[in-house]
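> Have a look; sequence and predicted model below, questions after that.
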Amino acid sequence: ARVAILISGRGSNMTSLIAAARDPAYPAEIALVLSNRPDAAGLARAAEAGIPARAIDHRRYPDRAAFDAALDAALREAGIDLVCLAGFMRILTPGFVEAWAGRMINIHPSLLPLFKGTHTHAQALAAGVRLHGCTVHFVVPELDSGPIVAQAAVPVHEGDDPDSLAARIIVQEHRLYPAALALVAGGRARLDGGRVVIAGAPP
Ligand code: GRF
């Protein structure tokens, strides 16, 4: 499968996907990196790794629909099969999401359905949970709400602050996202009636 990664920032999850896909046995090829922010540090990291990478600056489009149309055109032009959102900080229009339904996944730094949106580590600390983590899910129009492919949990320690929690979770993100993309790209995680069925997993 030809995969595009959409980023807005440093792209550490992007880097973990690129590294995993270097293995010839990995079922996906990272064919394109797009950023809505021209200054995203991840763009340079992708280019260094030899991946075609470019910015589609959302500020140059009159509205979300026009920006999403430009994204869609770039993805189709590159023959992309699957899209991975990795720290991509733009809300996508329902039309774009529907066009890529079942072919677009996202990583979110919480155990969904808890703590949607931003500042998830502060949300977790405020709620007093003892477990926190990250989730890879299929993208649906409603933010951070799609069918779950995979999750990883970490303990919340006494004295944690949002930064210490983020540091513990990003390590898991970098492990989880390549594993989840391999499931989807390899056809072992598929959508069935709005849920994800994992082939070969124990019932
Ligand atoms: C990650 O925590 C990801 O889960 C969230 O934004 C952060 C992006 O980090 N959506 P990076 O750009 O992949 O380093």
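Arrived safely.
> Next to the ligand, which bits of this protein? Give me the list.
7, 9-14, 86-87, 107-109, 170, 173 (CB under 6 Å from any ligand atom). Quick note: C-beta positions are derived from backbone N, CA and C, even for glycine.
> Do you have the helices of this protein handy? List them.
With DSSP state H as the criterion, the chain has helices at 12-21, 41-48, 64-77, 94-99, 120-127, 162-185.
> Can you tell me which of those is most buried?
Of all the helices of the chain, helix 12-21 has the most neighbours on average by mean count of other CB atoms under 10 Å, namely a mean of 21.
> and that helix, what other elements does it pack with?
Counting contacts by 3 or more CB pairs under 8 Å, 6 or more residues apart in numbering; DSSP states H and E, helix 12-21 packs against strand 2-7, strand 29-35, helix 41-48, helix 162-185.
> let's see it at 6 Å
strand 29-35, helix 162-185 (3 or more CB pairs under 6 Å, 6 or more residues apart in numbering; DSSP states H and E).
> could you dump the ones you listed to CSV with distance to residue 53?
Shown next, in CSV, are those (distance: least, CB to CB, whole Å):
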stretch, distance to residue 53
strand 29-35, 4
helix 162-185, 18
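> Dump the ones you listed to CSV, plus mean pLDDT.
Shown next, in CSV, are the helices and strands packed on helix 12-21 (pLDDT from 0 to 100):
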stretch, mean pLDDT
strand 29-35, 98
helix 162-185, 98
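> okay if I get the helices of the chain as TSV plus distance to residue 144?
As requested, those are exported to TSV (distance: least, CB to CB, whole Å):
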stretch	distance to residue 144
helix 12-21	15
helix 41-48	21
helix 64-77	17
helix 94-99	12
helix 120-127	9
helix 162-185	14
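> Find out how far the one helix or strand in the chain whose mean pLDDT sits lowest is from the centre of the chain, if you would.
Taking mean pLDDT, DSSP states H and E as the measure, the chain has strand 189-192 as its least confident helix or strand, at a mean of 91. Centroid separation for strand 189-192 versus its chain: 17 Å, with CA atoms, centre = their mean, to the nearest Å.
> and that strand, what does it pack onto?
Using 3+ CB pairs under 6 Å, 6+ apart: strand 189-192 touches strand 195-198.
> contacts for the strand it packs on?
Outside strand 195-198, the residues that touch it by CB atoms under 6 Å, 6 or more residues apart in numbering are 147, 149, 189-190.
> For stretch 35-42, which outside residues touch it?
Contact with stretch 35-42 is made by 7-11, 14, 43, 55, 57-58, 90, as judged by CB under 6 Å, 6+ apart.
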